[in-house]
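Participant: Build me a model from this:
(4 chains)
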2 protein chains.
Amino acid sequence: MAEEQAAPLRPRTQQIVAAARELVEAEGVEALSMRRLAERLGIRAPSIYKHLPDKAALENALISATFEEQAAEFETALVDAADPLAAIAGAYRKFAHCHPHLYRLMTERPLDRDRLTPGVEDRAAQPIVQALGGDRDLARAVWAFAHGMTILELNDRFPRHADLEAAWQRGLDALRPKGT
Amino acid sequence: MAEEQAAPLRPRTQQIVAAARELVEAEGVEALSMRRLAERLGIRAPSIYKHLPDKAALENALISATFEEQAAEFETALVDAADPLAAIAGAYRKFAHCHPHLYRLMTERPLDRDRLTPGVEDRAAQPIVQALGGDRDLARAVWAFAHGMTILELNDRFPRHADLEAAWQRGLDALRPKGT
DNA sequence: CCACGTTGGCTAACGGTGTAAGCCAATGCT
DNA sequence: AGCATTGGCTTACACCGTTAGCCAACGTGG
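Facilitator: Numbers count the residues shown, from 1 in each chain, chains lettered A, B, ... in the order given. So this is what the prediction gives:
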């Protein structure tokens, strides 16, 4: 028991999710409120509930879409990459810097896995594993490093003068699989 | 212009911060509301404002105290450590697992540095730099790795079967300074 | 053609949040 | 004795997510 949720979004629902994405990208996760979103859509907040059961569903739709986008970028980054680790790390950094608020949204708390589009999480993770030659433990270490660098930078936790390029390089060099 | 804030907390204020800490440790950051806190103290929410200017000040007091506690633990972990990197990593993990909600509170968003107790952030960071032999770039990479492992675990982002012990080991082995 | 179900709006309201304003009792200093 | 400080209080405001219930427009089947 407890499955479903595979239904694709109706068009109006997609519009709402798209508006939510604009709001989040423009003003951050904390700016996403049902009233502010409704305002953008020219409707009142309770009307949103005709299309989505609650705010969590909205966020999950946003997160699912972001996972898919991220997965696609990771996959293309790996195509014909001479240095897969550098390629995936670059793609990871680039995505987070292009969409800092979405990145935060999708990483700041536990996922509601059974309300996400099935498989998106794995699809986004797979290129990282692949770039590490299938070594899952090492892939997790690299992911942790990349996420740490990314979120600490987004949270302005490094000293202003810190050479983040150097820190990335040191980390990636160290974590690179030996035989490669 | 714009300094001050060095005044030590009055006793009643300390009680309030202590109660806030209990609330956060017991129920998480999102459970910390002025009304819930007041309830714990047997007073009404607006009365808290006689002691602290706003909720951010409360959180900053909490964060400052947590930094100091963390710094102390890191420092003692390094005393007589045969393997400083392993020691600091162990202390880092231990602190986060003993105080997951406080750890989250102090890492989930940018710091309000001029409302924190001056120096606490640096004091907590210094042992990490020291454990890496003063190599700041490498220290930042290690910190990013440790934070990534920690927060991804707290956020339940690794697969259930994942061997986190192995991932920690792989990461630390890779990041260990060569000559050591 | 008309009845009906679906879709997608609306308002009003509830209980939660942080916080400002203003009142007042107790304490302690001059 | 008078007064300032401390630390409570109530009331109120604007915001939040969400529920309930009403209603107009539309499409479809009898």
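Participant: Could you use CA atoms for every contact and neighbour count after this?
Facilitator: OK.
Participant: I'd like the distance between A:A56 and DNA strand C.
Facilitator: According to C-alpha to the nearest atom of the strand, to the nearest Å, A:A56 and DNA strand C sit 15 Å apart.
Participant: typo on my end, it should be A:K178
Facilitator: Taken as C-alpha to the nearest atom of the strand, the span from A:K178 to DNA strand C is 50 Å.
Participant: Can you give me the distance of that residue to chain B?
Facilitator: Separation of A:K178 from chain B (C-alpha to the nearest C-alpha, to the nearest Å): 10 Å.
Participant: same thing with A:L116?
Facilitator: A:L116 is 14 Å from chain B, where distance means C-alpha to the nearest C-alpha.
Participant: Spell out which residues sit in contact with that residue, please.
Facilitator: A:N60, A:A61, A:I63, A:S64 (C-alpha atoms under 8 Å, 6 or more residues apart in numbering or on different chains).
Participant: residues of the longest helix along chain A that come out buried?
Facilitator: Secondary structure of chain A per DSSP state H: the longest helix is helix A:55-78. Residues of helix A:55-78 classed as buried: A:57-68, A:70-71, A:73-75, A:77-78 (neighbour count, 16 or more other C-alpha atoms under 10 Å in any protein chain shown).
Participant: was I right about A:A20 contacting A:L32?
Facilitator: Yes - assessed by C-alpha atoms under 8 Å, A:A20 is found in contact with A:L32 at 6.9 Å.
Participant: Tell me if the helix or strand encompassing A:Q15 is near DNA strand D.
Facilitator: Element membership for A:Q15, per DSSP states H and E: helix A:11-27. No - counting by C-alpha under 7 Å from any atom of the strand, DNA strand D has no neighbours in helix A:11-27; the shortest distance is 10.8 Å.
Participant: Indicate whether the following helix or strand past that helix makes contact with DNA strand D.
Facilitator: Counting by DSSP H and E, the next helix or strand C-terminal to helix A:11-27 is helix A:34-41. Yes - residues of helix A:34-41 are located near DNA strand D by C-alpha under 7 Å from any atom of the strand, namely A:M34, A:R35, A:R36.
Participant: residue contacts, the first one?
Facilitator: Put plainly, it is A:M34. Contact analysis of A:M34 by C-alpha under 8 Å, 6+ apart lists A:A45, A:P46, A:I48, A:K55.
Participant: Would you check which of the residues you listed are in contact with chain B?
Facilitator: Restricting the contacts of A:M34 to those touching chain B (C-alpha under 8 Å from any C-alpha of the partner chain) yields no residues.
Participant: Give me the distance between A:A57 and A:M34.
Facilitator: Separation of A:A57 from A:M34 (C-alpha to C-alpha, to the nearest Å) stands at 12 Å.
Participant: Mind giving me the packing neighbours of the helix holding A:Q15?
Facilitator: Helices and strands touching helix A:11-27, by 3 or more C-alpha pairs under 8 Å, 6 or more residues apart in numbering or on different chains; DSSP states H and E, are helix A:34-41, helix A:55-78, helix A:100-107.
Participant: Could you pick out the residues of chain A near DNA strand D for me?
Facilitator: Proximity of chain A to DNA strand D, by C-alpha under 7 Å from any atom of the strand, involves residues A:31-36, A:45-46, A:49, A:53-56.
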